[in-house]
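A.B. asks: Below is the sequence, then the predicted model.
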Amino acid sequence: MGAGDNIVGGLSRQDAVYAAREFERAGIHVLDISGGLRMFSIENKSPGFFDFLSKPIYEEVEIPVILTGEIRLVLT
């Protein structure tokens, strides 16, 4: 789910939380949160950099929320 679009007057965190609650109410079992295409210009590219979008949603729904943003699994 795109939880932010990084433009003035665009999708707010409150909008994203509202949408997440509605998805949960409709029977969705898990939410995979992203910042959308315009959020890739964020300066901080540390692992989990979409945490600022995911956390408010995680705190408001009962279903699992997947955090994204440069998270990599390294198999050796």
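C.D. replies: Looks like it came in fine.

A.B. asks: ok, and the helix or strand in the protein with the lowest average confidence?
C.D. replies: helix 51-58 (a mean of 92; mean pLDDT, DSSP states H and E).

A.B. asks: what's the next secondary structure element after it?
C.D. replies: Scanning forward in sequence from helix 51-58 by DSSP states H and E, the next helix or strand is strand 65-66.

A.B. asks: tell me the mean pLDDT over that next one?
C.D. replies: Averaging pLDDT along strand 65-66 gives 94.

A.B. asks: can you count the residues close to residue 9?
C.D. replies: Using other Cβ atoms under 10 Å, residue 9 is surrounded by 6 other residues. Placement of C-beta: from N, CA and C, glycine included.

A.B. asks: same deal with residue 15?
C.D. replies: 13.

A.B. asks: mind listing what's buried in the least confident helix or strand of the chain?
C.D. replies: For helix 51-58, burial by neighbour count (16 or more other Cβ atoms under 10 Å) applies to 53, 54, 56, 57, 58.

A.B. asks: Name the nearest residue to the residue nearest to the spatial centre of the chain, sequence neighbours excluded.
C.D. replies: With distances taken as Cα atoms, centre = their mean, the residue of the chain nearest its centroid is residue 33 (2.8 Å). Distances taken as Cβ to Cβ, 6 or more residues apart in numbering place residue 54 nearest to residue 33, at 4.3 Å, with adjacent residues excluded.
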